[in-house]
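J.: 3D, please:
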Amino acid sequence: MSAFQSASRMFLSVLFLAVGLAMIADVSAVAQETDSPRPLERIEIEAPQRRSPAREAPAPGSDYDDALPSEPSSPEDRGRPAQVFSGAGIPASTLSEVTGKSEVSLRAESLPAQVSVVTGQDIQQLNIRNYSDLFAKVPGLHGYTMGQGNVSHSLYMRGFSNASGQDVALFIDGVPQCTPSFYSGSHGVSEISWLPPEAIQRIEVIKGPFSALYGDFAQSGVINIITKNRESSPSLNAYGGSFGTLRALGQFSSETWVPTPYLAYEYYTIDGYRDNSQLQHGSLFNKVSMPILGGLLSLRYNYHTSVYGAPGYLPIDSVRSGSVNRRTAYNSTDGGDQIRREVVLNYSPLCGERGLYATAYLDIWDYTRYYTGFTGLPNPTQKSYFDKRTYWGGRVYYNMVFGDVASLTLGGETRQDSDSPQRYRTDGSRHNTVNELYYDLRLSNWAWFLQSQIRLADKLKIVGGMRGDYFKLKVDNLTLPENSGTGFPQIITQKIGAVLTPTTYFNVFGNIGNGFRSPSYTEVSPYSSGSRKNFDLEPAKIDTADVGFNVALFDNLYFSAAYYHTIVQREMRTVGGITIMIGDTLRKGYEVEAKYYPSRDINVFANYDWVDAKVINPKTPGQDLVTRVPEHLIKGGIDIRRDFGHGRKLLASAYYEYASGFPSYSGSSPTPIFNPDYDVYNCNLTYEGNGWSAFVSARCQPRELSAPVTFVLAGQMCFAPEPKWDFKSGLTYTFW
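T.: The predicted model follows:
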């Protein structure tokens, strides 16, 4: 047992003992509060005035509500006018990242970790082309498209940047979106293009694996998306843009109906900047909610279908010399399609956080892809990927609340996958010739978890958690039958952290904990001849620690910083277009963020992320840099809001993102090849009238030989060229 594990278990033992003593000591003092649910806060709604388009009724804690009284919250804070804070400038979503740290709560902001919250109002001010743009302003999180249609997008956070985003655990309404043992090389891929951005109520980004409620793939952190239960009124939205872009969205809801419906139907099409980059998709989002048995029950059904082309990757040197046109497709028959159907049932307490939470889901996903770009140059071979998957599962947990002193959350979950991934070599135009990979998979995951919080003093809170995950991997290897078998990997992970709050709006926090990813089917059962099966392989674990602080000052300034140190077991990376295991790795980095609100209607923000990612014992001598990890990530911008009264508003946003060139390797060469730096400018302008709105947006990528994702193929740096300029504009009409 390592010193890290020993220290963690000692801390957890002390923590849970302290929680037990606190429960006994405080049971009489908090009995009255515990026995009665917390009352609902009153929501004030202005009846006569027509609502702004596509906007929910204001709710307590939403942006631009006065979240806090102007008086200090405790006697110790009185007499400190320089630090006392009214919340008049900082919106509640940002302020909650400070005030929530010292609270005993299930909300992400109460964790002793770096947490960012994206609200529905924040999403309104983004220039969104695809779901990776939802995180354009989140510090330390770089989301970008692969440029190949509705293929998985990448998510970079804390030095993790695998090509398919499998290092970040992604959830929507409690349903895991990371897909284990997807097509070859994409273990843990997430793909949520089926979700219209307008259907999102809130996004929580948790840096690091410091919540016991999340397990597989929660290595660099967790993204938890909560969808809307209602909208204030029905609306229609349509926009058009560059390269044949057209989108239409209809939303239907009524706050007065019980059960309460929220329906969002979307159609999207684009011809694309390059040849063979067309995309069409349609999504039906149907959700109905109602109060029942003292809780809120919601039922959601989604249907999504898409067809897309994939223009592939081009050598940068060939585009630079002019021998290859940047808008040319690598193979005009590349592309694919998918159909996805999902049913989700959620239940949660109607008042407060104490009580039972439950989620159940069923997802059926048919996926087809034809792709040439990863097979190398100059003799490409198109391959076809087929993945027909059904997965179902659920989660149940109970949250016990002991006043504002302590809480204990106990629960369990399961996920069951049935899948038949296949890969063929084709004749170059979608006709299969040779089967290269064929499996029949039955994957099971069972888990238990507990998480507790206790305020040992007014200024000190400790949070600890533990979870056990147990897997069954039943693999029928139809390509290499002798490598078939069944494995039972398991892992227990622990987390512990503390928050010290010297003053009301200043927190110092720290964590130590574990994350992990389950073994992929190609790890335990290789399909290439000469490779042996290994069903004794355990989940790859990470050990990580961080320390940081955040503070709100002078009514209008928010600042945070954190340093982290992470060791990863058996990391898998894409090298030369092939996914391989590069060995154990070490990441050290820090993040800083600042937001300034000179008035209630202006937000100026900037953030910076630096990371050093190294391979501890590289299998290939000299290749000691973790590939595809940019050393520097910078974001900054300004949001402006002007209210003219009578339902008329102006929203303006301009923001910038920069990612330094990341390293790649070619073959066994120890010399890294760095891709060009990447940066992008976005601006969005929206005018809202009484029941309608109009917007115009622009996106500029100034470096013509740069792209958010590149690969070294056959010794050449290849990229998916993007347009220098991209424009769109549209209208929204709200019916009442």
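J.: gap between stretch 181-196 and the chain center?
T.: Put simply, stretch 181-196 sits 12 Å off its chain's centre (CA atoms, centre = their mean, to the nearest Å).
J.: ends of it, what's the gap?
T.: One end of stretch 181-196 sits 26 Å from the other (CA to CA, to the nearest Å).
J.: do stretch 161-174 as well
T.: Distance between the two ends of stretch 161-174: 23 Å, counting by CA to CA.
J.: go on, stretch 299-318?
T.: Stretch 299-318 has an end-to-end distance of 52 Å (criterion: CA to CA).
J.: now do it, average pLDDT.
T.: Stretch 299-318 shows a mean pLDDT of 94.
J.: show me what the spatially most central residue of the chain is bridged to.
T.: Nearest to the geometric centre of the chain sits residue 223, at 3.3 Å (CA atoms, centre = their mean). Judged by DSSP bridges, the bridge partners of residue 223 are residue 170, residue 205.
J.: if I pick it, what's in contact with it?
T.: 135, 155, 168, 169, 170, 171, 203, 204, 205, 206 (CB atoms under 8 Å, 6 or more residues apart in numbering). Where you see a C-beta, it was placed from the backbone N, CA and C, and this is true even at glycine.
J.: for residue 671, the count of nearby residues, please.
T.: 9 (other CB atoms under 10 Å).
J.: hey, where'd the strands end up in the stretch 51-200 of the chain?
T.: 115-119, 141-144, 154-157, 168-172, 175-176, 200-207 (DSSP state E, counting those that start in this stretch).
J.: as TSV, those with mean pLDDT and distance to residue 663 would be great.
T.: Listed next are these as TSV, based on pLDDT from 0 to 100; distance: least, CB to CB, whole Å:
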stretch	mean pLDDT	distance to residue 663
strand 115-119	92	27
strand 141-144	86	16
strand 154-157	86	14
strand 168-172	93	21
strand 175-176	94	31
strand 200-207	94	23
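J.: filter the contacts of residue 223 to the buried ones?
T.: Buried subset of the contacts of residue 223 (neighbour count, 16 or more other CB atoms under 10 Å): 135, 155, 168, 169, 170, 171, 203, 204, 205, 206.
J.: could you dump those residues to TSV with distance to residue 195?
T.: Shown next, in TSV, are the buried ones among the contacts of residue 223 (distance: CB to CB, whole Å):
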residue	distance to residue 195
135	14
155	15
168	16
169	16
170	11
171	12
203	11
204	15
205	16
206	19
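J.: and residue 167, what are its phi and psi?
T.: Here is the backbone geometry of residue 167 (degrees, to the nearest 10): phi -100, psi 0.
J.: typo on my end, residue 539
T.: phi -60, psi 140.
J.: any idea which helix or strand comes after the longest strand belonging to the chain?
T.: Under DSSP state E, the strand in the chain containing the largest number of residues is strand 432-457. Moving toward the C-terminus from strand 432-457, the next helix or strand (DSSP states H and E) is strand 460-477.
J.: neighbours around residue 570, how many?
T.: 17.
J.: where does this protein have low pLDDT?
T.: 1-88, 162-165, 183-185, 373-379, 572-580 (pLDDT under 70).
J.: and residue 674, how far from residue 112?
T.: In this structure, residue 674 and residue 112 are 36 Å apart, going by CB to CB, to the nearest Å.
J.: more neighbours, those two?
T.: Applying other CB under 10 Å to residue 674 and residue 112 shows that residue 112 carries more neighbours, namely 28 against 15.
J.: contact partners for that one?
T.: Taking CB under 8 Å, 6+ apart, one finds 101, 210, 461, 463, 497, 498, 499, 509, 510, 511 in contact with residue 112.
J.: swap in residue 259?
T.: 288, 289, 290 are the contacts of residue 259 under CB under 8 Å, 6+ apart.
J.: neighbours of the second one, just the number please.
T.: Meaning residue 289. 19.
J.: that one belongs to a strand, doesn't it?
T.: Yes - counting by DSSP: H, G, I helix; E, B strand; the rest coil, residue 289 falls inside a strand.
J.: which strand residues bridge it?
T.: Beta-bridge partners of residue 289, counted by DSSP bridges, are residue 260, residue 298.
J.: start at 27 instead
T.: Got it, the first residue is 27 from now on, which makes the last one we talked about residue 315.
J.: surely it meets residue 281?
T.: No - the pair residue 315 / residue 281 is not scored as a contact, 11.0 Å apart, by CB atoms under 8 Å.
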